[in-house]
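Asks: Here's a sequence, model it:
(one chain, ligands or ions: 2)
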Amino acid sequence: MVTKAPEFQATALEAIPKIASLARGQFRTHKTKNVEWRKTQLRKLYWALEDFKPQLVEALKSDLGKSSFEALLTEVDWVKKDCMWMLDHLDSFVKDQKLGSPDVPATYSIMNFRVKKEPLGTVLIIGPYNYPIQLLLCPLVGAIAAGCTAVLKPSELTPACAMWTKELIEKRLDSGSFSVVNGAIPETNALMAEKWDKIFFTGSAQVGSIIAQKAAQTLTPVVLELGGKNPAFITKNCGNLALAARRLLWGKTQNAGQVCMSQNYVLIDKDLVPTFIEFLKVAYKDMFPNGAKASPDLSRIVNKRHFHRIKKMLDDTQGKIVMGGELNESELYIEPTAVLVNSVNDSMMQEESFGPIFSIYPVNTLDEALNIANLIHKTPLSLFTFGNKAENNRILNEMTSGGATINDGFFHGAVNTVPFGGVGDSGWGAYRGKASFDSFTHFRTIAETPGWAEKLIRVRYMPYDFKALAFLNRLTEKSPNFDRSGKVVKGFGYWIKFLFGLGGKSAKGAFLRWLVVLVAHYMYTNRS
Ligand SMILES: NC(=O)C1=CN([C@@H]2O[C@H](COP(=O)(O)OP(=O)(O)OC[C@H]3O[C@@H](n4cnc5c(N)ncnc54)[C@H](O)[C@@H]3O)[C@@H](O)[C@H]2O)C=CC1
Ligand SMILES: CC1=C(/C=C/C(C)=C/C=C/C(C)=C/C=C/C=C(C)/C=C/C=C(C)/C=C/C=C(\C)C(=O)O)C(C)(C)CCC1
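Replies: Residues are numbered from 1 along each chain as shown. Ligands and ions are numbered 1, 2, ... in the order given. Below is the predicted model:
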């Protein structure tokens, strides 16, 4: 029998400054600089997740109706894998990076330039409700790896997960170095009143803006992982429309579409629309042979407020529901739903879905699709392309996004070791894999000037000597190979290189050409 989650209890407001101060104090002991200490914390986190697995799976069920399959794949095991990956690579990440050519000119090579990887300090991590374990603890893996201490603020909308997270972190990790503050706006405000060395926020753009403004007052750096209105493009040349339908439906069924990087709307060649809808229905039937409501796999909407937010999008649409459409408030159930729309002003195009619903918008050309997508949201978190190679490249070239997947739903975000983040108003900064370590690290450049070099570098001292400066410039300055209009000038040096390199553009190219010439010459002279 799995123990029920402790009843949700917000952290006392007056305790919050002490928690923050304790975490800062722990950082000042310098124990986190020890890489073995960090590894021990990561190992403890791994085992805490393993040991609390039944409680977390149950909590995800009670907070979000999440299936145990998804609870393991995308939350508990996901973070465990993150710990293991970080443990495997931490030794190489923490090493000083020696700076040589091309960063340091040869003339300065005696200064032993290097980059030291320093922990930023004490950080605040604020999480959202949709993946309450993964999106709170993966940034923590980065923070621990980098040598930071941290205070975590889980979403109050997933109370069972929040309470277990507090227990597993505070019971298993170094006391005081890692703490969890539970609560909503007042508790977050109390946390924001403290000084942090970095704030890592995942959530809505609206709250992200509040956090960024508050952080700016103390010049605190922030990572923002926000939402977006993400487009999918399907062109006439998409090849396999049935596959596109199935893969896009996947994006709206995992976690009942409460995935910030899944598609909001599909811009599709108008001639493909009827077939695409048929394929969506086939895929739906495959995934839910007994209907979505009866499926043990489909999550529920987190609460009534979000249920009504999503319902309102459907109530306000002028479009036609072509798949799904069933809602049940008492069960917080919303069926995976597709709506065929014909206006960019439709609620289904203008609002962030963040649920199992999406719109289908027929277009005449790819130009039209790109114009619409750039109009709806210029910097979405993701985009998806289903076209031929040239079309996919064109879409990627003419529209930006945090990340993108060609020929699938949100696959670029389904691997935990590659960088993940938004662009513009869908987010600042990235994490996962090495990016998680980097996100909490200060890359500190160090130079070391040997005493014996004093004579060589005396040019910098007053009284200044223009002759010495001219000499230094002769050693260090490179003359341009371009004129004032920006055109490359093929001067004497270029033609010499061209001649001796036999037209090869690199040393390797020149070497290969010389090799061919020499082999040909050898064969010619040794022919029988
Ligand atoms: N880019 C990414 O990785 C992700 C982005 N999201 C985005 O998050 C949103 C859904 O998550 P929610 O939990 O509803 O986000 P939210 O922004 O409402 O809440 C996130 C966190 O901020 C706190 N918070 C809420 N209002 C606050 C306020 N006024 N002042 C200070 N703190 C406050 C909450 O307690 C919670 O811990 C969607 O917009 C979604 O697109 C969600 C998951 C991942
Ligand atoms: C098994 C063999 C092979 C290989 C098999 C392969 C490649 C299997 C692939 C499985 C797939 C596609 C699994 C899909 C996993 C999806 C995941 C983990 C989704 C995660 C979603 C997340 C983390 C959501 C996050 C949400 C966020 C950030 C948000 O709201 O923004 C071979 C190689 C073929 C050989 C034989 C054996």
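
Asks: residues contacting the residue positioned nearest the centre of the chain?
Replies: Within the chain, one residue has its C-alpha closest to the average C-alpha position: by Cα atoms, centre = their mean, that is residue 420, at 1.8 Å. For residue 420, the set of contacting residues under the criterion of Cβ atoms under 8 Å, 6 or more residues apart in numbering consists of 225, 402, 403, 412, 413, 430, 431, 432, 435. In short, each C-beta sits where N, CA and C put it, glycine included.

Asks: pLDDT-wise, which helix or strand of the chain ranks last?
Replies: Using mean pLDDT, DSSP states H and E, the weakest-scoring helix or strand in the chain turns out to be helix 492-500, at a mean of 82.

Asks: ok so, going back, for the residue nearest to the centre of the chain, phi and psi?
Replies: Main-chain torsions, residue 420, degrees, to the nearest 10: phi -130, psi 130.

Asks: Please list the residues of the stretch 151-300 of the chain that sit near ligand 1.
Replies: Residues of the stretch 151-300 of the chain that fall close to ligand 1, judged by Cβ under 6 Å from any ligand atom: 153, 155-157, 184-185, 188, 202-204, 207, 210, 225-227, 260.

Asks: Looking at those residues, which gets the smallest pLDDT?
Replies: Across these, the member with the lowest pLDDT is residue 227, scoring 90.

Asks: Report the secondary structure element holding that one.
Replies: Assignment of secondary structure by DSSP states H and E places residue 227 within no helix or strand.

Asks: What of the one 5 residues further on?
Replies: Assigned by DSSP H and E, residue 232 belongs to strand 231-234.

Asks: sorry, back to before: if any of the residues of the stretch 151-300 of the chain next to ligand 1 are buried, put those into a PyMOL selection.
Replies: The command below creates a PyMOL selection of those among those that count as buried (16 or more other Cβ atoms under 10 Å):
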select buried, resi 153+155+156+157+188+202+203+207+210+225+226+227+260
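
Asks: so of the contacts of residue 420, which ones are in helices?
Replies: For these, membership in helices holds for residue 435, with DSSP state H as the criterion.

Asks: Out of the contacts of residue 420, which comes closest to residue 84?
Replies: residue 432 (13.9 Å; Cβ to Cβ).

Asks: burial count for that closest one?
Replies: 21 (other Cβ atoms under 10 Å).

Asks: cool, the one 10 residues further on as well?
Replies: When neighbours are defined as other Cβ under 10 Å, residue 442 has 16 of them.

Asks: Can I take it that it is in a strand?
Replies: Yes. With the criterion set as DSSP: H, G, I helix; E, B strand; the rest coil, the secondary structure at residue 442 is a strand.

Asks: For the helix or strand where residue 248 lies, list every residue counted as buried.
Replies: Assigned by DSSP H and E, residue 248 falls within helix 241-253. Residues of helix 241-253 classed as buried by neighbour count (16+ other Cβ under 10 Å): 241, 244, 245, 246, 247, 248, 249, 250, 251, 252, 253.

Asks: Contacts for that helix next, please.
Replies: Outside of helix 241-253, the residues within contact range by Cβ under 8 Å, 6+ apart are 232, 234, 238, 257, 259, 262-263, 266, 272, 275-276, 279-280, 282-284, 286-287, 292, 297-298, 336, 356-358, 384, 386, 407-410.

Asks: Which PyMOL command selects the buried ones in those?
Replies: The following PyMOL selection, which keeps only the buried ones among the contacts of helix 241-253, applies the criterion 16+ other Cβ under 10 Å:
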select buried, resi 232+234+238+257+259+262+263+266+272+276+279+280+283+284+287+292+298+336+356+357+358+384+386+407+408+409+410
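
Asks: So which of the contacts of helix 241-253 reach ligand 2?
Replies: With the criterion set as Cβ under 6 Å from any ligand atom, the members of these near ligand 2 are residue 259.

Asks: Of the contacts of helix 241-253, which belong to helices?
Replies: Using DSSP H, the subset of the contacts of helix 241-253 located in helices is 275, 276, 279, 280, 282, 283, 284, 286, 287.

Asks: Enumerate every residue touching the last one.
Replies: Spelled out, it's residue 287. If you count contacts by Cβ under 8 Å, 6+ apart, residue 287 has them with 249, 253, 295, 297.

Asks: would you list those in TSV and tack on distance to residue 501 and pLDDT?
Replies: Compiled in TSV, the contacts of residue 287 are given as follows (distance: Cβ to Cβ, whole Å; pLDDT from 0 to 100):
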residue	distance to residue 501	pLDDT
249	55	98
253	57	98
295	65	98
297	61	98
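
Asks: Among the residues you listed, which one sits closest to ligand 1?
Replies: Proximity of those to ligand 1 (Cβ to the nearest ligand atom) peaks at residue 253, which lies at 16.6 Å.

Asks: quick one on the thing from earlier: tell me the angle the helix holding residue 248 makes with helix 273-287.
Replies: Angle of helix 241-253 versus helix 273-287, following axes from the mean of the first three to the mean of the last three Cα atoms, to 10 degrees, is 60 degrees.

Asks: before we move on, the earlier item: also near ligand 2: which of the residues of the stretch 151-300 of the chain next to ligand 1, exactly?
Replies: Counting by Cβ under 6 Å from any ligand atom, the members of these that reach ligand 2 are residue 260.

Asks: Can you tell me which of the residues of the stretch 151-300 of the chain next to ligand 1 is nearest residue 324?
Replies: The nearest one, if we look at these relative to residue 324 and count by Cβ to Cβ, is residue 260, at 20.8 Å.

Asks: So which residues of the stretch 301-450 of the chain form helices?
Replies: Secondary structure of the stretch 301-450 of the chain (DSSP state H, counting those that start in this stretch): helices at 304-316, 347-350, 366-376, 389-398, 434-439.

Asks: which ones are touching the residue in the stretch 1-150 of the chain positioned nearest to ligand 1?
Replies: Of all residues in the stretch 1-150 of the chain, residue 128 sits closest to ligand 1, at 3.3 Å by Cβ to the nearest ligand atom. With contacts defined as Cβ under 8 Å, 6+ apart, the neighbours of residue 128 are 135, 155, 202, 203, 204, 260.

Asks: Which single one of these is nearest to residue 518?
Replies: Checking these against residue 518 by Cβ to Cβ gives residue 260 as the nearest, at 58.9 Å.

Asks: out of everything not next to it in sequence, what's closest to the closest one?
Replies: Distances taken as Cβ to Cβ, 6 or more residues apart in numbering place residue 227 nearest to residue 260, at 4.6 Å, with adjacent residues excluded.

Asks: Do I have it right that that neighbour meets residue 381?
Replies: Yes. Under the criterion of Cβ atoms under 8 Å, residue 227 lies in contact with residue 381, with a separation of 6.4 Å.
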